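Participant: just coords:
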């Protein structure tokens, strides 16, 4: 298994100073296949700015949409390399991004 953990901060969007997105990308090899899953969490620092609940919900929804596109690109790029260099026959994501517990 392999895990990538990332924290993203933003600029030039409303409430950027109060928002961070944490993602954990988990990859597991089973035979000649690699499966991946991503978990995410929007973290709002309300000591910096008061962030209304509807803005938090909006950010959560858009974060999920953006991660679907992002990890689709990651898997596409990784698939070619994995198939060429390690004999992996299948590289795919298990499902869509999930909000971390």
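Facilitator: Now that the structure is in, tell me what you want to look at. Source: prediction; values computed, not measured. Numbers count the residues shown, from 1 in each chain.
Participant: tell me the mean pLDDT over stretch 25-34?
Facilitator: Mean pLDDT, computed over stretch 25-34, is 78.
Participant: now swap in stretch 1-10 and tell me
Facilitator: Mean predicted lDDT for stretch 1-10 stands at 86.
Participant: one more: stretch 66-73?
Facilitator: 79.
Participant: in that stretch, what counts as buried?
Facilitator: By 16 or more other C-beta atoms under 10 Å, the buried positions in stretch 66-73 come out as 67, 71. (Each C-beta comes from the backbone N, C-alpha and C, glycine too.)
Participant: all the strands of this structure, residue numbers only.
Facilitator: 2-9, 19-30, 33-44, 90-93, 98-99 (DSSP state E).
Participant: can you tell me how far the nearest residue to residue 21 once chain neighbours are set aside is from residue 99?
Facilitator: Among residues not flanking residue 21 along the chain, residue 8 sits closest, at 4.6 Å (C-beta to C-beta, 6 or more residues apart in numbering). Using C-beta to C-beta, to the nearest Å, residue 8 is found at 15 Å from residue 99.
Participant: for residue 14, same thing?
Facilitator: Relative to residue 99, residue 14 is positioned 21 Å away (C-beta to C-beta).
Participant: kindly report the same for residue 17.
Facilitator: Computed as C-beta to C-beta, the residue 17 to residue 99 distance reads 22 Å.
Participant: just residue 43 next, same as before
Facilitator: Distance from residue 43 to residue 99, by C-beta to C-beta: 12 Å.
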